[in-house]
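Colleague: My questions are about this predicted structure, shown below with the sequence.
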Amino acid sequence: MENEITKDLYHRPPYLLIQKIESCETNRIVAMTELKGDEFFFRGHFPNAPVLPGALMQEMTTQTAGVLIARHYNPLGDAHDTENFDPQRPALGVLSRIKDARYKTFAKPGDLLTIEVELVEKLQDFFEFKAKITKSGELVMKNHFILTNIPSSHLL
């Protein structure tokens, strides 16, 4: 589960927010995450009524899209190393724009979330995506965003 994803992303717990990749094609990816209730964000959002913060829903869709980019649009191919930070390696899937985000209901402890991301357009190192998160078939949120590949040295 996590090992499969950490081969593609620099993210690590507790900030790695997706748990399983169900499918990954060149223009569509589906990931899953089960909210157990002991995640770091529930302690303060909100103590007696825990809900998944909207910003972290955005991050879930971004991380899912990042896996798609790493697997199908990585300029280094299979030779990338996520265990060691390399400033010469591209930082894949850096969020550059949120075009739209709409939240329809809450995600709470015990929910199994399905994150579906579709690549709408690729233009050089820019990737435009539409995504949605559902629980038991019910729409939780949908968004539209752009990620880009940049040199990792820009992160330093």
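Modeller: Perfect, thanks for sending it.
Colleague: OK, contacts around the residue located most distally from the centre of the chain?
Modeller: Most distant residue from the mean C-alpha position of the chain: residue 48, 27.0 Å away (CA atoms, centre = their mean). The contact partners of residue 48, by CB atoms under 8 Å, 6 or more residues apart in numbering, come to none. Backbone N, C-alpha and C define where each C-beta goes, glycine included.
Colleague: Check the one 3 residues further on too.
Modeller: When the contact criterion is CB under 8 Å, 6+ apart, the partners of residue 51 are 45, 106-108.
Colleague: Quick check: strands, which of the residues you listed are part of them?
Modeller: Members of these lying in strands (criterion: DSSP state E): none.
Colleague: Please check those residues and keep the buried ones.
Modeller: Buried by 16 or more other CB atoms under 10 Å: 45, 107, out of the contacts of residue 51.
Colleague: Out of the contacts of residue 51, which is nearest to residue 31?
Modeller: Checking these against residue 31 by CB to CB gives residue 107 as the nearest, at 14.0 Å.
Colleague: The nearest residue to the closest one once chain neighbours are set aside: which element?
Modeller: Of all residues not flanking residue 107 in the chain, residue 52 sits nearest, at 3.9 Å (CB to CB, 6 or more residues apart in numbering). Using DSSP states H and E, residue 52 falls within no helix or strand.
Colleague: Helix or strand for the most centrally placed residue in the chain, just tell me which one.
Modeller: Nearest to the mean C-alpha position of the chain, by CA atoms, centre = their mean, lies residue 63 at 1.8 Å. Under the criterion of DSSP H and E, residue 63 resides in helix 54-72.
Colleague: What of residue 92?
Modeller: Residue 92 belongs to strand 90-103, assigned by DSSP H and E.
Colleague: And the next helix or strand past that strand?
Modeller: That would be, after strand 90-103 and using DSSP H and E, strand 112-123.
Colleague: Number of residues surrounding the residue nearest to residue 26 when sequence neighbours are not counted?
Modeller: Distances taken as CB to CB, 6+ apart place residue 72 nearest to residue 26, at 4.8 Å, with adjacent residues excluded. Using other CB atoms under 10 Å, residue 72 has 14 neighbouring residues.
Colleague: Check residue 7 too.
Modeller: Neighbours of residue 7 under the rule other CB under 10 Å: 15.
Colleague: Right, I'll leave it there.
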